[in-house]
Structure formats: structure tokens, C-alpha cells
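*Asks:* Turn this into a structure:
(one chain, ligands or ions: 1)
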Amino acid sequence: LPEPVDLLVRGGIVVTVDPDDRIFAGDVAVVDGRIAAVGAELDVIPARVLDASGAAVIPGLCNAHMHETLERGVFEDLPFMEWLEVYALPKDRAYQPRHMRAAALLNQAEMIAGGTTSFIDIFRHPAEAAAVAETSGLRATFSPQVIDDPVGAGESLADAEAFVAAWHDRADGRIRAWFGPHALYSCRPATFERMRERADALGVGIHTHLAESRAERRLVAERTGGLTPLQWLDRLVGLGPGRLAAHCVELTAGDIERLAASGAGVAHCPTSNAKLGNGTAPVVELLAAGANLGLGTDSNMTNNNLDLFEEMRMAALVQKQRRADPTVLPSATALRLATLGSAGALGLAELVGSLEVGKAADLAVVDLNRPHTRPLVRRGRTNAVEHLVWSCSAADVRHTVVAGAVLMEDRRLLTIDLAEALELADVEELHLLDAAGVLERRFPERP
Ligand SMILES: [Zn+2]
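*Replies:* Predicted coordinates for the structure are as follows:
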């Protein structure tokens, strides 16, 4: 007899990203927020149906490094030191909870609209952002960005500890709290060591920026008598599962071996690295070594969107360019990085990242009925994954589902008032720039 199910995603090309990389025409059935069945023409009685005809059904995309900032497109094309000292740091110091709420609504609306179902945020006033995630329905990890130097540009260690204690494992585990020391050059060693102690005691992770630039590598070598950033982080917090390092551009061969052996997560952010002129991470080598690698967009200041389709494409492009070899980082690997790879880097691979029975029902339905996703071959094997990586964008996502809850249906956001989010972003950004004392300089009323 047909079984009743809560939700049926019907009639798509199901791209499982499971261990066998199965792709087939069929359905995904959901019961109690979990995937109950995947297969062709499932014989079930659904309470609700999402149409996936002419579309790919993929595991929800997972963003392994981002900041929910509001400063998209307002500080462009500046020399680095002017950008940092005149704009970025004063703006970070001026952040108030009201700005963070606006930023979280905007960022989470964009992620849902782009098929992203999980993310880790490292930024300010995390309780505001976490409160937005409670109602947006996204699966989220918040790591308060602690900065010792310069004073006031980030969260304090005490505030971070209070946040983690209050917010870890909320909303049936959908919301988690980790520690987020900004970087080796902006936090004291004692801050890292204290976080290691608290993280291990509470069973939470630590997310930080690591080995992002040559300048960082030089600074760390000077301060430590020749250690690489990775070696120093290893001494301070101990690399392993529950440690997530963003960027990892400046790695030695020894660092790559150590990272892979440790099981620590790596968030590769190719667009941000390119925009800031920081070079390209050794992703081919990290993959060959078996590193726990995922993809991040970084913030909307350095990307400027949170589109993980673009990030997959960028990851593949820069490695092909860097290695002068078009065979490296093929399409299926790029898709795996943005799904199961990022889930693994966040320590969530048992729960999400692939469409398998028993996993949480986090998925996106991506329209392939578009001029830019044809021809669609459906004989023997399909070229749907090639289109997802090389041609699709966030705008092609039709439905987004997290833990069986529909967050977007037919491109309509169901958990965030989009008009409110857009309006608040404009208003609060002007307020923030004014509070930071840079509004008139950057956007003079009479140019
Ligand atoms: Zn970052």
C-alpha cells in the first residue's frame, strides 16, 4: 500500500551526490524532516508536492565561510590600506544590533533564494543573526568574530563565550554556535588557547581565517620564529574535526599533509582570494591528499554575492588556470565541494550534503528549462551536473527546502518578507555608514 509522506519532490533529475554519485529521473519523499525515500515514481500519498519537472533536485548547497555583512558595493576599488583603515575598521566598530538584523535578513534571503540550505557565519552581534535564522529556517552555525587588536572591531571573548553557551544546539539542532577567533594576527595566542578549552568542554567547533595572504605568512613567521600559519594554529588549538580554517592559500607541502591527516575542515573561497589579490589555494593538492574541503563565498564585500553556483565555477576555473590543465577539478567534484564537501568541513556530513535516506531533507530544485541549460542530454547519462556547475546561477533555483520545511516555493520566499529585507538593508546601511563617520566621504550628498 502507498505510504503517506509529508512532502514529495516530484519528477526531477535527482542528483544524489551519494557515494555512488547516482543520478536518475525520480522523486524525493520526506517524512518528519528526513529523507524517507529516493527513487523513480515513488508510490506514496504526499501531504504536499513540489514540482521538479524540467529541474535538477540537488542536496542543498552549503556555505563553509561567510560573514553576514551589509557593505555590498560601497567600498570598491580602493587601495588596500585605505579600504581597511578608513572604511572597513571604522564600519566594523560602528556595528549595532539593528545593522546586524538587517544584514541577516538580507543575507539569509539571498541564500534561500540561491538554494543554500546551510552556512557558517563569522561576524558581529550573532544573537541578532541567530534570531533571524530561527525564523528563516536555514541551518546555521554562528561563530562570533572575536578580535583583540584593533580593540572594538569585533566581539569580545566574554561575549563570545556567553553567546555559545546560550545559543548552541537550538531549534532541534538546526542552529549551532562555534567559536570564531578572527585570525592569528588579530587575536592573542591566549585567546585561541582559551577558546580551545571552552570549545572542547562544550563540544563545539572553532572557525578562523588562516593562511590567507603572504603578509600573514610573513607576520606569523616573524612572531613565532619561523612557523607557518597552519603550524601555529595547530599548536594553539589542535587541528582536527571541529576546526574549520577559511582560505588556506599559503600552505607548504607539509601543511597540506598535516591538514589532510588531521581531518580539520578547509573552506576554499576562490572569488574572495581573487578579488583581494591573494593568489589561489592549492585545491588540487588538498583534494589529492584527502583534505576535508568545502566552499565558501566569504562576505558580500569581497565576492559580492553568496551564489555558490558561481563559487563552484570559480573553484574549477582557477584550478584549471593555475595547473594549466583542463582535466583537474571536474564538474562532479565541484558540485561535491559545494554540498557534501562543505557539510564535511562543518562536521555535518552525517546529517546533510547528499540525498540519502535517513539524512535531513535539505535540498534545492534547480530549473533546467532555461536557454542556458540546454541541450539537456537524457540518454545513458545526463549532463545535468555539467549545467549546474558551468551554466547555472542562484537565479535558477525554483524551490529550497531545509529539514523538510519549504523556505522558497516557485521563487517566492516563504519565511522572510523580501520587501522588508530590501528596505531595511538600504536604510540600515546609510545609518551604519553615518555612525562610522564615512557616509559623507563615500557618498557625498552633493558630489
Ligand atoms: Zn572571511
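*Asks:* What is the distance between stretch 114-128 and the centre of its chain?
*Replies:* 8 Å (Cα atoms, centre = their mean, to the nearest Å).
*Asks:* same check, this time on stretch 305-323
*Replies:* 14 Å.
*Asks:* so for it, what's the average pLDDT?
*Replies:* Mean pLDDT, computed over stretch 305-323, is 98.
*Asks:* So that it lines up with my notes, have the first residue be 16 from now on.
*Replies:* OK, 16 is where the count begins now, so the last one is stretch 320-338.
*Asks:* and for it, what are the contacting residues?
*Replies:* With Cβ atoms under 8 Å, 6 or more residues apart in numbering as the test, stretch 320-338 has contacts from 76-78, 81, 122, 125-126, 129-131, 283-286, 288-289, 295, 298-299, 310-312, 315, 341, 343-346, 348-350, 352-353, 403-405, 407-409, 411. C-beta coordinates here come from the backbone N, C-alpha and C atoms, glycine included.
*Asks:* Tell me the spacing between His183 and Ala192.
*Replies:* 4 Å (Cβ to Cβ, to the nearest Å).
*Asks:* What is the subsequent helix or strand relative to the helix-or-strand element of the chain with minimal mean pLDDT?
*Replies:* The helix or strand of the chain with the poorest confidence is helix 95-97; it has a mean of 83 (mean pLDDT, DSSP states H and E). For helix 95-97, the following helix or strand on the C-terminal side (DSSP states H and E) is helix 104-109.
*Asks:* Counting by contacts, list what the next helix or strand after that next one packs against.
*Replies:* Sequence-wise, the next helix or strand downstream of helix 104-109 (DSSP H and E) is helix 112-128. When contacts are defined as 3 or more Cβ pairs under 8 Å, 6 or more residues apart in numbering; DSSP states H and E, helix 112-128 packs onto helix 141-151, strand 412-417, strand 420-424, strand 427-428, helix 433-450.
*Asks:* What residues sit buried inside helix 112-128?
*Replies:* 113-128 (16 or more other Cβ atoms under 10 Å).
*Asks:* centre of the chain versus stretch 269-278, how much separation?
*Replies:* Put simply, stretch 269-278 sits 22 Å off its chain's centre (Cα atoms, centre = their mean).
*Asks:* Need the residues touching each of His183 and Ala192.
*Replies:* Counting by Cβ under 8 Å, 6+ apart, the contacts common to His183 and Ala192 are Val219.
*Asks:* Please say which of these two ends up with more neighbours.
*Replies:* A count of neighbours by other Cβ atoms under 10 Å puts Ala192 above the other of His183 and Ala192, at 25 against 17.
*Asks:* Next, that one: phi, psi?
*Replies:* Main-chain dihedrals, Ala192, degrees, to the nearest 10: phi -130, psi 130.
*Asks:* measure it to Gly27 for me?
*Replies:* 35 Å.
*Asks:* now the helices for the stretch 166-315 of the chain?
*Replies:* Ranges of helices in the stretch 166-315 of the chain, per DSSP state H, counting those that start in this stretch, are 172-182, 204-217, 229-239, 244-252, 268-277, 285-290, 298-304.
*Asks:* For stretch 238-248, buried residues please.
*Replies:* For stretch 238-248, by 16+ other Cβ under 10 Å, it's Leu242, Thr243, Pro244, Leu245, Gln246, Trp247, Leu248.
*Asks:* Same list (the residues you listed) but as TSV, adding pLDDT and distance to His140.
*Replies:* Shown next, in TSV, are the buried residues of stretch 238-248 (pLDDT from 0 to 100; distance: Cβ to Cβ, whole Å):
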residue	pLDDT	distance to His140
Leu242	98	33
Thr243	98	33
Pro244	98	27
Leu245	98	30
Gln246	98	33
Trp247	98	29
Leu248	98	26
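*Asks:* Turn the residues you listed into a markdown table, columns for distance to Arg154.
*Replies:* Shown next, in a markdown table, are the buried residues of stretch 238-248 (distance: Cβ to Cβ, whole Å):
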| residue | distance to Arg154 |
| --- | --- |
| Leu242 | 35 |
| Thr243 | 33 |
| Pro244 | 29 |
| Leu245 | 28 |
| Gln246 | 33 |
| Trp247 | 31 |
| Leu248 | 26 |
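*Asks:* tell me which of these is nearest to Ser277?
*Replies:* Distances from Ser277 to the buried residues of stretch 238-248, taken as Cβ to Cβ, are shortest for Leu245 (9.5 Å).
*Asks:* who's in contact with the residue lying closest to the closest one once chain neighbours are set aside?
*Replies:* Distances taken as Cβ to Cβ, 6 or more residues apart in numbering place Asp270 nearest to Leu245, at 4.1 Å, with adjacent residues excluded. Counting by Cβ under 8 Å, 6+ apart, Asp270 touches Ala226, Thr243, Leu245, Gln246, Cys263.
*Asks:* Let me have those in TSV, extended by distance to Ala145.
*Replies:* Listed next are those as TSV, based on distance: Cβ to Cβ, whole Å:
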residue	distance to Ala145
Ala226	28
Thr243	34
Leu245	30
Gln246	33
Cys263	27
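*Asks:* Which two of the residues you listed have the greatest separation?
*Replies:* Gln246 and Cys263 (12.8 Å).
*Asks:* and the residue nearest to the spatial centre of the chain, helix, strand or coil?
*Replies:* Computing the C-alpha centroid of the chain and ranking residues by Cα atoms, centre = their mean puts Asn78 first, at 1.5 Å. Classification of Asn78 using DSSP: H, G, I helix; E, B strand; the rest coil returns strand.
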